[in-house]
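Colleague: Sequence below, structure please.
(chains A and B)
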Protein chains: 2
Amino acid sequence: MSETLVDTVEIARLSTADGDFETRLDALLAWEGVSDAEIQRRVHDILAGVRARGDSALIEYSNRFDRLAVSSMAELTLGAERLEEAFVGLPEEQRDALSKAAERIRSYHDRQKPESWAFTEADGTVLGQQVTALDRAGIYVPGGKAAYPSSVLMNAIPAHVAGVREIVMVVPTPDGVLNELVLAAAHLAGVNHVFTIGGAQAVAALAYGTETVPRVDKIVGPGNIYVATAKRAVFGQVGIDMIAGPSEILVVSDGGTDPDWLAMDLFSQAEHDEDAQALLVSWDASHLNAVEASIERLLPTLEREQIVRQSLSRRGALIHCRNREEAIRLINRIAPEHLELSMADPEALLPEVRHAGAIFMGRYTAEALGDYCAGPNHVLPTSGTARFSSPLGVYDFQKRSSIINCSREGASKLGRVASILARKR
Amino acid sequence: MSETLVDTVEIARLSTADGDFETRLDALLAWEGVSDAEIQRRVHDILAGVRARGDSALIEYSNRFDRLAVSSMAELTLGAERLEEAFVGLPEEQRDALSKAAERIRSYHDRQKPESWAFTEADGTVLGQQVTALDRAGIYVPGGKAAYPSSVLMNAIPAHVAGVREIVMVVPTPDGVLNELVLAAAHLAGVNHVFTIGGAQAVAALAYGTETVPRVDKIVGPGNIYVATAKRAVFGQVGIDMIAGPSEILVVSDGGTDPDWLAMDLFSQAEHDEDAQALLVSWDASHLNAVEASIERLLPTLEREQIVRQSLSRRGALIHCRNREEAIRLINRIAPEHLELSMADPEALLPEVRHAGAIFMGRYTAEALGDYCAGPNHVLPTSGTARFSSPLGVYDFQKRSSIINCSREGASKLGRVASILARKR
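Modeller: Coordinates of the predicted model:
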């Protein structure tokens, strides 16, 4: 990645009318998260170390990678009281904002709870499905600058709503730095205890268990390439959530939204990091010009100006299409993490949206609201994986068991069918 | 694996009262599906070959691995008409049994369909979740002896019920052998077309697409170690189902079920293959003796006697526990793929079962019924993964999009909360 400062944004302009449109769009969307052989080897060693030596390996790796000097797991453990203390100690304004966000997230996720069901057939046979929660969930929270309290809420609250008995959080503390807001969020979200460990060693501890860290059934939460590589390696041993790529937004505008607002929406995505992707689609060419002018004008006012310039230049685009139908085709082709329908009648378009992580509708729904506190989860499928996956939800912390209870008569009827199929298998 | 014939079954006897019980149980349950570096390398080469050269690589690999001599993809493609022909051409008894099974499976899965939902807050803000189907699903069906028509029904019907637009099936035809019952099942299950390809090359074709094979959004279905390794490698590019280990059953008996029936239930699991696991738990020691005697007596009557002897000796066990409470602890510790509650009052125990793929209740519900036609899916989480995963279902072929539509008032209220949280992230 270039470290030079970028002074002009050269945000790509594409048009569906161009002969090379498909090729250029492919290139723009291309993303493959790869962990090279060296990272694989290191992660493998760390996993094997924790599996074989448990706590002592955890202490050793944490001292080495997070520059700590601890000698026992007690120094890497925070109980429920410590989390409550962090919450109580917050300035009132922050405590209220965090509580309000937690309440909205909880209330939205409450509606995702599926019910067990069963039905009885004429011959008395009962069939159904029983929904149960995971026993233990592990929440990975990145440390340092990447530690977001909202991320704790978004990962832990669905687990708590699902009825998970024990929620274990891990968060590394590089150089011993603890984030009080993150601990306060853990308290609000129902986290039972926190281990201040991170990296592949934390994933290994959660997947295999150690003398101190309980083995969990599923590990969720974002992390760097070591964490992602470790999660992929332990998949099967435990459940994992999707491995996230860079964040992206696709805004579709009918031309009626203030170009400055749209520029700000694109910025709020682009400022995540240099790989973030912000795309705007419209069938109004002059509107695209106006948004481009807004971008140029507003960029110098941004705190994270350089990051925004880099991500817009490298991965952003303003795309002109012929009409609404083409815009819909683009949405479903791209399957964006965040989709913003900035238009007068977003409801009309909604039934045709087949693939998107979260859909922000109308002129007032800036994507940033969804990141923090609207209620829906901000852990969303990236890089086109909305084709086959969902936002993180209560369903990620529950599973189902089939129920079959045959009556004597039902068993005899089914037995006849089964024996014919069994003979010819 | 030893090829010597086994003449006596030495099925392990365990008791929770033994000092080494936990250690022995751990050893019994231990299973790790590993693909060695050589398999990894071969699979990687095949994936890269199909990705780079598409159809021509598919033809080349299929000729080599399945001993074919085809020169075009047309020879590896079967359309909807060919599937219907296979169905129409079946003997009536088979056609009826297959239709009956398909109808029961469809009717059960119809009840799994989740609904989209939304609600409006006091300030006019709308939040909700929209459920949509995958565009394309790929069903992998093993060829040769392992081709089960019921497996086609179990994998494809949930996709069809979910509303998947295009269901693509792949099934290798080693030495050109086609299984008409498998094609007939594909017709009944709503498969759109079949490619007679298999192995890692079929997984690659479904994940990346070729000139002829459409890229799918998710690949499901069982396969050998090459297929499993390829599925793990393309995970992220497409969705995959769980990677299955050997099949297992845990029977819990209150002592009142005919020991011969229980022996047959254990056999029906053990006969799958030499790695299959059949466990019986009871608090009635004399009952366990009776079942052991039934096993010895009935074994010589079995068609697959040698396989059953091997799997019972290697991985089977009769486990004595003190009481119902201990049985429940064992169930949740083992998290079995198949759980049989062979007892007078299975309903009383059901709420305490937290982890199991499918639960067969009462004295008449032999697990084999569930394998073919009871209705619930026979694709179930193995090797303890019922701790965090579910039977294959309609939900595996659908995903959700969050819906957020803020009113002007709602956006302003949420904006205040978001800005406080954003400042301190």
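Colleague: how long is stretch A:385-401 from one end to the other?
Modeller: Using C-alpha to C-alpha, to the nearest Å, one end of stretch A:385-401 lies 27 Å from the other.
Colleague: What sits closest to the residue of the stretch 51-200 of chain A found nearest chain B if chain neighbours are left out?
Modeller: Using C-beta to the nearest C-beta, the single residue of the stretch 51-200 of chain A nearest to chain B is residue A:97, 3.9 Å away. For every residue, glycine as well, the C-beta is placed using N, CA and C. In this structure, residue A:97 finds its nearest non-sequential neighbour in residue B:420, 3.9 Å apart by C-beta to C-beta, 6 or more residues apart in numbering or on different chains.
Colleague: Low-confidence stretches in chain A?
Modeller: A:1-9, A:33-35, A:145-146, A:423-425 (pLDDT under 70).
Colleague: Got the domain ranges for it?
Modeller: Recorded structural domains for chain A (assignment: automatic domain parsing) are A:37-240, A:245-387.
Colleague: Can you tell me which residue is spatially central in chain A?
Modeller: Central residue of chain A (C-alpha atoms, centre = their mean): residue A:379, 2.4 Å from the mean position.
Colleague: For that one, give me its contacts.
Modeller: A:151, A:154, A:155, A:220, A:222, A:241, A:244, A:391, A:392 (C-beta atoms under 8 Å, 6 or more residues apart in numbering or on different chains).
Colleague: okay, the residues you listed in JSON lines with neighbour count and secondary structure next?
Modeller: Below are the contacts of residue A:379 laid out as JSON lines (neighbours: other C-beta atoms under 10 Å in any protein chain shown; DSSP: H, G, I helix; E, B strand; the rest coil):
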{"residue": "A:151", "neighbour count": "22", "secondary structure": "helix"}
{"residue": "A:154", "neighbour count": "27", "secondary structure": "helix"}
{"residue": "A:155", "neighbour count": "30", "secondary structure": "helix"}
{"residue": "A:220", "neighbour count": "23", "secondary structure": "strand"}
{"residue": "A:222", "neighbour count": "17", "secondary structure": "coil"}
{"residue": "A:241", "neighbour count": "18", "secondary structure": "coil"}
{"residue": "A:244", "neighbour count": "18", "secondary structure": "coil"}
{"residue": "A:391", "neighbour count": "24", "secondary structure": "coil"}
{"residue": "A:392", "neighbour count": "25", "secondary structure": "coil"}
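Colleague: Next, format these as JSON lines and append distance to residue B:48.
Modeller: JSON lines is the format used below for the contacts of residue A:379 (distance: C-beta to C-beta, whole Å):
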{"residue": "A:151", "distance to residue B:48": "36"}
{"residue": "A:154", "distance to residue B:48": "37"}
{"residue": "A:155", "distance to residue B:48": "35"}
{"residue": "A:220", "distance to residue B:48": "31"}
{"residue": "A:222", "distance to residue B:48": "29"}
{"residue": "A:241", "distance to residue B:48": "28"}
{"residue": "A:244", "distance to residue B:48": "25"}
{"residue": "A:391", "distance to residue B:48": "33"}
{"residue": "A:392", "distance to residue B:48": "32"}
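Colleague: so, if you compare those, which one comes nearest to residue B:271?
Modeller: Nearest to residue B:271 out of these is residue A:241 (C-beta to C-beta; 37.1 Å).
Colleague: Longest helix in chain A, please.
Modeller: helix A:92-110 (DSSP state H).
Colleague: quick one: the next helix or strand after that helix near chain B?
Modeller: Going down the chain from helix A:92-110, the next helix or strand is strand A:117-120, by DSSP states H and E. Yes - for strand A:117-120, a contact with chain B is found by C-beta under 8 Å from any C-beta of the partner chain, at A:117, A:119.
Colleague: Start from the N-terminal end of the stretch 201-350 of chain A and give the helices.
Modeller: In the stretch 201-350 of chain A, the helices defined using DSSP state H, counting those that start in this stretch lie at A:225-234, A:259-270, A:285-298, A:305-315, A:324-334, A:346-349.
Colleague: What count of nearby residues applies to the residue of the stretch 101-250 of chain A found nearest chain B?
Modeller: When scored by C-beta to the nearest C-beta, the stretch 101-250 of chain A has residue A:239 as its residue closest to chain B, at 3.7 Å. Residue A:239 has 25 neighbours, counted by other C-beta atoms under 10 Å in any protein chain shown.
Colleague: Done for today, thanks.
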